[in-house]
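Student: When you get a sec, could you give me coordinates for this:
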Amino acid sequence: MIYFVQYREENSMVWNKGPSQVYSPNISNIWVGGLNPGRYYEFRVVLIDETREPQDPSLSKPVKAQTKCLVTKKQEFLHVNITTNTSISLSWDNETGPRNTECPTRNYLLEVDKVTDTGYIKTKEVVNIKRNSYLLEMLSPGQTYCVRLKKITINGETVTISNKNITTDDTVDLSKDIVLVTIKKTDSQIKIDWFPMPLYKTYFVKYKLVRYMSCNEDNTKSTLEVKETPNTTLSLSLLDLEPYAYYQLFVTADKNQMIKEFNSSFITPGTVPTDSPTLSSDPKVTNESIHLFLTNYSDYCEYMNGVFKEYKIKLYDYSQELIRESYEKQTDKLDITGLQSESQYSVKIYFVNHVGFNANVGLEHKFTTKPNTLDESSLNHVGFNANVGLEHKFTTKPNTLE
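Tutor: So this is what the prediction gives:
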């Protein structure tokens, strides 16, 4: 009679024929080879009698056993294919030991820690990797990471099979646009916000005055202003900006970028004027009036700080008492009449815009009206009277402009 062994892997429906040996009444040992490591198998022994007919296999009670396996840890098992400033491409060998000893793999696990001067900072963990490669993304440029590859065996064991320190490229592409830039104005500042870019650690807010809104042409003298920040928000104080001015702005990670095709923009609020009117020529004074010739207000558009509306005129007498106040829209000549002859006056003139006027900044001109003159044609000989004598009649007329 002969014994032979049948075996099958766990959960398999097919029995495989194994080795055989001649029947012995003593306890016999049979070595079954060619099995996969780390797997569960069922075994049964079937008897073949002298008629060479096998017994019913269902009469043999199966036994279960697991083959042994090993997990080999080798540094070169983990391969770095490509590194960029934000990613690391990895691959690893399927097996590293002899086929008959290596534990079968169910899946892989990657642990990634950031290496710092004080230790490790857990960054990410990737689980249930079925293939033998993976691309780590969203990493920081120029940063060293400790990457540990772990193997989860068919037995459910988690074993580290390789680890390696890998440094990402420190070259950063600064040309990517910063998106979702928003601008909000408050009473005291311009607040700029933008969408964060994990790739960038420093941002540059660059802005330039394009035009004073009171002027008809762009300002060609202004330069590009730059503010640096590690944050995704920045505020510009209105005290550092020109009032009632049109600015263009962009946010970039490139310190050397000077222009951008599409920019954000804002207009600062207006304030009172910061300059005063000036005379274009000497005033003309008579005995009862003064005629002032002013330089066109558009020559001072950079300091108008708003929409020009009119001039504010204040007239003072010799004792600096305000005797008249008025507004005048005429832009080249101002006439003040109804004055007394041979009297001292002071006139103050201010720009007025849509915000108001600046009482501290104005044109002041002091003058004295001319005396009245005799009109010789009005001297009439009325008649001779011994008691009255010669009668004269004196009248005055306005002095002519000098």
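Student: any idea how far K255 is from the closest residue to S60 other than its chain neighbours?
Tutor: Closest residue to S60 apart from its sequence neighbours, by CB to CB, 6 or more residues apart in numbering: R44 at 4.2 Å. Heads up, the C-betas are built off the backbone N, CA and C, glycines and all. As judged by CB to CB, to the nearest Å, R44 and K255 stand 77 Å apart.
Student: So for these two, which sits in the more crowded spot?
Tutor: Neighbours were counted for R44 and for K255 using other CB atoms under 10 Å; R44 has more, 18 against 12.
Student: and the more buried one, what is it in contact with?
Tutor: Going by CB atoms under 8 Å, 6 or more residues apart in numbering, R44 touches 5-7, 15, 57, 60-63.
Student: Bridged to it, which residues?
Tutor: Q6 (DSSP bridges).
Student: Can you read off the pLDDT for it?
Tutor: pLDDT, R44: 89.
Student: Same question for W31.
Tutor: We have a pLDDT of 87 for W31.
Student: Next up, the contacts around it.
Tutor: Contacts of W31 (CB under 8 Å, 6+ apart): P19.
Student: Quick check: the gap between it and Y300.
Tutor: In terms of CB to CB, W31 sits 108 Å off from Y300.
Student: quick one: which helix or strand includes the residue lying closest to L334 once chain neighbours are set aside?
Tutor: Among residues not flanking L334 along the chain, L292 sits closest, at 4.4 Å (CB to CB, 6+ apart). Element membership for L292, per DSSP states H and E: strand 290-293.
Student: and that strand, C-alpha only, in PDB?
Tutor: In PDB, the C-alpha atoms belonging to strand 290-293 read as follows (Å, rounded to 0.1, in the frame of the first residue of the first chain):
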ATOM      1  CA  ILE A 290      -9.300 144.900  -7.600                       C
ATOM      2  CA  HIS A 291      -9.000 142.500 -10.600                       C
ATOM      3  CA  LEU A 292      -7.000 139.300  -9.900                       C
ATOM      4  CA  PHE A 293      -5.700 137.100 -12.700                       C
END
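Student: which other residues reach that strand?
Tutor: Outside strand 290-293, the residues that touch it by CB under 8 Å, 6+ apart are 279-281, 283-285, 332-336, 339, 345, 347, 349, 365, 367, 369, 401.
Student: Let's see the ChimeraX selection covering just the buried ones among those.
Tutor: Selection of buried members from these for ChimeraX, criterion 16 or more other CB atoms under 10 Å:
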select :285,334,336,339,345,347,349,367,369
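Student: Filter the contacts of strand 290-293 down to the ones in strands?
Tutor: Counting by DSSP state E, the contacts of strand 290-293 place 284-285, 333-336, 345, 347, 349, 365, 367 in strands.
Student: can you pull the buried residues of the strand holding L292?
Tutor: Going by neighbour count (16+ other CB under 10 Å), the buried part of strand 290-293 is 290, 292.
Student: just checking, next helix/strand downstream of that strand?
Tutor: For strand 290-293, the following helix or strand on the C-terminal side (DSSP H and E) is strand 308-317.
Student: how far is the strand holding L292 from where the chain is centred?
Tutor: In terms of CA atoms, centre = their mean, to the nearest Å, the centre of strand 290-293 is found 55 Å from the chain centre.
Student: Over to stretch 7-20?
Tutor: So, by CA atoms, centre = their mean, the centroid of stretch 7-20 is 66 Å from its chain's centroid.
Student: contact partners of it?
Tutor: 2-6, 30-33, 35-36, 39-44, 57, 64.
Student: And stretch 134-141, by the same measure?
Tutor: 85-91, 108, 110, 112, 114, 123-124, 126, 145, 147, 168-172, 198-199.
Student: Can you select the buried ones from the residues you listed in PyMOL?
Tutor: Buried members of the contacts of stretch 134-141, defined by 16+ other CB under 10 Å, are picked up in PyMOL with:
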select buried, resi 85+86+88+90+108+110+112+114+123+145+147+168+169+172+199
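Student: Tell me how this structure divides into domains.
Tutor: What automatic domain parsing lists as the domains of the chain is 2-66, 75-167, 182-267, 284-371.
Student: For D275, find the nearest of those.
Tutor: In terms of CB to CB, the element of the domains of the chain nearest to D275 is domain 284-371, at 3.6 Å.
Student: For the closest one, measure first residue to last.
Tutor: End-to-end distance for domain 284-371, by CA to CA, to the nearest Å: 14 Å.
Student: distance between it and the chain's centre?
Tutor: Distance of domain 284-371 from the chain centroid (CA atoms, centre = their mean) equals 49 Å.
Student: Also stretch 150-167?
Tutor: The answer for stretch 150-167 is 40 Å, by CA atoms, centre = their mean.
Student: 580 is where my numbering starts, stick with that
Tutor: Done: numbering now begins at 580, and the last item shifts to stretch 729-746.
Student: May I see the buried residues of that stretch?
Tutor: So for stretch 729-746, counting by 16+ other CB under 10 Å, buried means 729-733, 740-743, 745.
Student: How about stretch 784-796?
Tutor: Applying 16+ other CB under 10 Å to stretch 784-796 flags 784-794 as buried.
Student: my read: L778 touches S754, true?
Tutor: No: the pair L778 / S754 is not scored as a contact, 11.1 Å apart, by CB atoms under 8 Å.
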